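A.B. asks: Requesting a structural model of the entry that follows:
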Amino acid sequence: MKQLEVKRRQIEYLAMALNVVLFLAIERKLGLEGSGFFLVPIMIFSMLWTFVGEHLPDVLGKLIRVRRAKGQYRSVRKIRLYSFLCQAFTGIIGSVLMLTIGTALANKVYGCPYASLMVWILSPLLFLRGMSQLLLGYCQGEGFELPAVVSCLLRPVVIYAFGTVLGSRTGEYGAKVSALLKAEKYSSMYVGAGWCLAIVMAELLVLLVLFLSFLGTRRMKRESEAESMRASVSFQGYAAASFRNVIFRALVCFTELFPVAVGMMIYYHKTQDAAPLSYGTYFVGYFAVCLLLYRLLNAVAVPFWGKVSSFYKRDEVRLGRVCFQGGIHLLLGLGGVLAACFAAMPAQIGALAGFTSPNVAKIAFQGGAWILFASLGFYFARMLMRFGKNILVVGIGILSNVLFVMVYMILWSDEKMALLSLMYACLISSAVYAVLLGAIMVQLMGGRFQWVKVVLLPAGLAIAIGIIQALCVKFLGEHLEGPYVVLFIGGIGFLAYWSALLLLRNFSEEELSVIPFGNILLSLGKMMSVF
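C.D. replies: Below is the predicted model:
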């Protein structure tokens with residue numbers, strides 16, 4: 001991957017982390033039960049969006065770049081026309097499905113009729129977001145990456161600005177309806193509806209910005225397209241190429257989303273009226289924080305995808321292996337210490353998210369390792385896809401999902417488990433997913449792997465740091481408020497962990513040369529006379 005593409009992808013994953021922060025801000029307005037209602041349409045949208053247009057910009061941008069490099073400008077215009085027709089049709093179908101099947105899911109499967117209004121309001125978003133992705137693909141095909149960055153950062157800001165106003169207005173109306181019908185849930189429903197309307201309005205604004213950006217690129221390219229060869233692309237050819245490139249990416253993303261979506265469905269269906277409040281508590285106090293850290297680690301993993309595959313294409317196997325191990329090493333180093341901090345200070349970190357509960361703290365203590373397993377699974381899956389092992393990744397994803405459902409249903413039989421059954425099922429399935437993909441990737445790298453140096457030592461240090469942090473929280477927690485405990489003890493633990501890795505020469509100079517900010521760590525190691 002080119003450096004600009006790497007930076008763009010990293011910013012996209014950082015924007016996903018920002019979206020989690022946005023949800024936590026929305027939760028302050030909705031309350032925990034309102035958040036439970038709001039999560040239903042968001043989850044239905046996410047499942048449909050995986051197939052409607054999530055991966056369109058990368059695929060479309062690549063198709064346009066290839067044709068443009070060959071000077072086939074008429075083919076580029078044909079691709080734009082065909083892609084517009086396909087995406088418009090797909091977006092309309094997706095919106096109709098959300099309006100019909102999505103409403104049925106909210107009412108019958110989730111057992112949450114208060115979410116139906118939000119599903120209706122969000123249904124046009126599939127079409128609008130698809131058009132936004134289409135324009136991003138056009139811009140990326142022209143080598144213009146800035147609109148993707150702007151849209152990622154602009155969207156959550158505009159949603160929060162619009163949602164604050166609209167949520168307040170609809171909330172006032174909802175309060176009147178609740179007072180009239182003597183049902184408090186209507187108030188949360190209408191506040192959530194205001195935020196859903198804000199999401200749709202923000203997408204319209206982003207779509208306008210992207211359209212203007214595309215018009216700017218078209219003016220710059222018009223002179224170069226004055227003369228071109230005959231178009232050599234057909235509608236059937238474009239449809240086949242785009243489907244072939246999109247379908248496996250969509251399936252992999254869906255298998256990763258499946259445990260959260262189906263776990264939520266089962267929990268809502270079985271728990272009925274108590275589900276929104278308890279699941280909102282679980283999501284805000286535990287899973288949202290895990291998801292935030294997971295997205296940050298995704299951004300860290302991006303530079304390694306292209307590096308490893310490019311080394312192997314140039315027959316530089318040893319450098320590819322060093323880069324691959326460096327990526328695992330970095331993810332284990334960061335993910336391990338983050339999971340340890342989360343396990344040591346679940347109540348304090350939950351307070352930063354906006355809620356604390358003894359039950360959620362218990363879940364967080366045991367389930368923090370999901371951050372590490374999920375990030376490693378993400379890393380291995382994308383790496384294998386770069387090597388063309390798409391079917392293998394999808395197959396293992398399906399296998400881990402079957403395991404998730406089995407573990408979840410077995411544990412659910414114990415009434416005391418409740419949300420713990422959901423956490424354990426996610427943890428076990430993500431661990432199996434990461435281990436299987438990692439084992440295949442190690443064999444693809446030649447079977448040579450420094451297990452003690454790359455895995456066992458960082459994991460052991462993370463456990464030790466977590467135990468020390470838990471003891472510090474126990475003795476100092478009474479004297480420091482939650483945020484200060486996290487910043488003080490978490491910061492010292494992070495520095496101590498990475499200092500110990502350097503002093504033990506856990507990273508080689510070659511690894512530090514290929515990982516992000518490795519030069520800084522190398523300089524620190526030389527200052528400590530390690531290298």
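
A.B. asks: What mean pLDDT does stretch 306-317 get?
C.D. replies: For stretch 306-317, the mean per-residue pLDDT is 78.

A.B. asks: Go through it and flag the buried ones.
C.D. replies: For stretch 306-317, the neighbour count (16 or more other C-beta atoms under 10 Å) marks 306-309, 311-312 as buried. Any C-beta I mention is one placed from the backbone N, CA and C, and that applies to glycine too.

A.B. asks: nearest to residue 110, of those?
C.D. replies: residue 306 (39.6 Å; C-beta to C-beta).

A.B. asks: Could you say which helix or strand holds that closest one?
C.D. replies: helix 288-313 (DSSP states H and E).

A.B. asks: from the middle of its chain, how far away would that helix be?
C.D. replies: 11 Å (C-alpha atoms, centre = their mean, to the nearest Å).

A.B. asks: Out of the helices and strands in the protein, which is least certain?
C.D. replies: helix 482-485 (a mean of 67; mean pLDDT, DSSP states H and E).

A.B. asks: show me where the stretch 101-250 of the chain has helices.
C.D. replies: Ranges of helices in the stretch 101-250 of the chain, per DSSP state H, counting those that start in this stretch, are 103-104, 116-122, 125-141, 146-181, 185-221, 235-271.

A.B. asks: and residue 21, which of the ones you listed is closest to it?
C.D. replies: Nearest to residue 21, of the helices of the stretch 101-250 of the chain and by C-beta to C-beta, is helix 146-181 at 7.8 Å.

A.B. asks: How far off centre is that closest one?
C.D. replies: Counting by C-alpha atoms, centre = their mean, helix 146-181 comes out at 22 Å from the chain centroid.

A.B. asks: what angle do it and helix 185-221 make?
C.D. replies: 160 degrees (axes from the mean of the first three to the mean of the last three C-alpha atoms, to 10 degrees).

A.B. asks: what stretches of the stretch 251-400 of the chain score poorly on pLDDT?
C.D. replies: Flagging of the stretch 251-400 of the chain using pLDDT under 70 yields the residue ranges 350-359.

A.B. asks: if you set the cut-off to 90 instead, what comes out?
C.D. replies: Along the stretch 251-400 of the chain, segments meeting pLDDT under 90 span 266-290, 292-293, 299-369, 372, 383, 385-390.

A.B. asks: got it, and the stretch 101-250 of the chain?
C.D. replies: For the stretch 101-250 of the chain (pLDDT under 90), the answer is 106-116, 137-153, 167-191, 211-250.

A.B. asks: my guess is residue 307 meets residue 323, correct?
C.D. replies: Yes - contact status for residue 307 versus residue 323: in contact at 4.8 Å, counting by C-beta atoms under 8 Å.

A.B. asks: Mutual contacts of these two, please.
C.D. replies: Both residue 307 and residue 323 are contacted by residue 514, under the criterion C-beta atoms under 8 Å, 6 or more residues apart in numbering.

A.B. asks: any idea which residue sits dead centre in this structure?
C.D. replies: Centroid check for the chain by C-alpha atoms, centre = their mean gives residue 295 as the closest residue, at 5.1 Å.

A.B. asks: Just to check, it is in contact with residue 16?
C.D. replies: Yes - the criterion here is C-beta under 8 Å, and residue 295 meets it with residue 16 at 4.5 Å.

A.B. asks: And the helix holding residue 306, what does it pack against?
C.D. replies: Applying 3 or more C-beta pairs under 8 Å, 6 or more residues apart in numbering; DSSP states H and E, we find helix 288-313 packed against helix 3-52, helix 317-344, helix 346-353, helix 370-386.

A.B. asks: Tell me which of those lies nearest to residue 86.
C.D. replies: Per C-beta to C-beta, nearest to residue 86 of those: helix 3-52, 11.1 Å.

A.B. asks: got a list of contacts for stretch 179-192?
C.D. replies: Residues contacting stretch 179-192 (C-beta under 8 Å, 6+ apart): 29-31, 33-34, 37-38, 114-115, 117-118, 167, 170-171, 173-175, 177-178.

A.B. asks: Quote the end-to-end distance of it.
C.D. replies: 17 Å (C-alpha to C-alpha, to the nearest Å).

A.B. asks: And that stretch, what's buried?
C.D. replies: 185-192.

A.B. asks: Identify the residue spatially nearest to residue 253, adjacent ones excluded.
C.D. replies: The shortest distance from residue 253 to any non-neighbouring residue, by C-beta to C-beta, 6 or more residues apart in numbering, is to residue 50 (5.0 Å).

A.B. asks: Roughly how far does that neighbour sit from residue 254?
C.D. replies: 5 Å (C-beta to C-beta, to the nearest Å).

A.B. asks: Likewise for residue 34?
C.D. replies: Distance from residue 34 to residue 254, counting by C-beta to C-beta: 27 Å.

A.B. asks: So these two - more neighbours on which side?
C.D. replies: Neighbour totals were compared for residue 34 and residue 254, and residue 34 leads with 27 against 19 (other C-beta atoms under 10 Å).

A.B. asks: close enough to count as contact, that one and residue 281?
C.D. replies: No - counting by C-beta under 8 Å, residue 281 is not a contact partner of residue 34; they are 12.0 Å apart.

A.B. asks: how about stretch 24-40: buried residues?
C.D. replies: Going by 16+ other C-beta under 10 Å, stretch 24-40 has these buried residues: 24, 26-27, 29-40.

A.B. asks: Check the average confidence over that stretch, would you?
C.D. replies: For stretch 24-40, the mean per-residue pLDDT is 87.

A.B. asks: How far away from the center of its chain is stretch 381-396?
C.D. replies: So, by C-alpha atoms, centre = their mean, the centroid of stretch 381-396 is 18 Å from its chain's centroid.

A.B. asks: start to end distance for it?
C.D. replies: Span of stretch 381-396 from end to end, C-alpha to C-alpha: 10 Å.

A.B. asks: which outside residues touch it?
C.D. replies: Residues from elsewhere that reach stretch 381-396 (C-beta under 8 Å, 6+ apart): 248-249, 251-252, 255-256, 301, 304-306, 308-309, 312, 324, 327, 397, 433, 436-437, 440-441, 444.

A.B. asks: ok, now stretch 493-510?
C.D. replies: 322, 326, 329, 333, 336-337, 340-341, 344, 453, 457-458, 461-462, 465-466, 468-469, 518, 521-522, 524-525, 528, 530-531.

A.B. asks: Kindly supply the PyMOL command isolating those of those that are buried.
C.D. replies: If you want just the buried ones from the contacts of stretch 493-510 in PyMOL, going by 16+ other C-beta under 10 Å, the selection is:
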select buried, resi 322+326+329+333+336+337+340+341+344+453+457+458+461+462+465+466+468+469+518+521+522+525+530+531
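
A.B. asks: what are the phi and psi values for residue 505?
C.D. replies: The phi and psi torsions at residue 505 (degrees, to the nearest 10) take the values phi 50, psi 40.

A.B. asks: What separation do you get for it and residue 469?
C.D. replies: Using C-beta to C-beta, residue 505 is found at 24 Å from residue 469.

A.B. asks: Residue 20 now?
C.D. replies: Residue 20 is 23 Å from residue 469, by C-beta to C-beta.

A.B. asks: does residue 266 really touch residue 407, like I thought?
C.D. replies: No - Residue 266 lies out of contact with residue 407 (C-beta under 8 Å); the separation is 12.0 Å.

A.B. asks: and the gap between residue 368 and residue 500?
C.D. replies: 20 Å.

A.B. asks: who's more crowded, those two?
C.D. replies: Using other C-beta under 10 Å as the criterion, residue 368 and residue 500 rank with residue 368 on top: 26 against 15.

A.B. asks: Can you report how many residues neighbour the residue nearest to the more buried one when sequence neighbours are not counted?
C.D. replies: Distances taken as C-beta to C-beta, 6+ apart put residue 342 closest to residue 368, at 3.5 Å, once the chain neighbours are dropped. Residues lying near residue 342 (other C-beta under 10 Å) number 27.

A.B. asks: With residue 391 instead?
C.D. replies: Residue 391, neighbours per other C-beta under 10 Å, totals 10.
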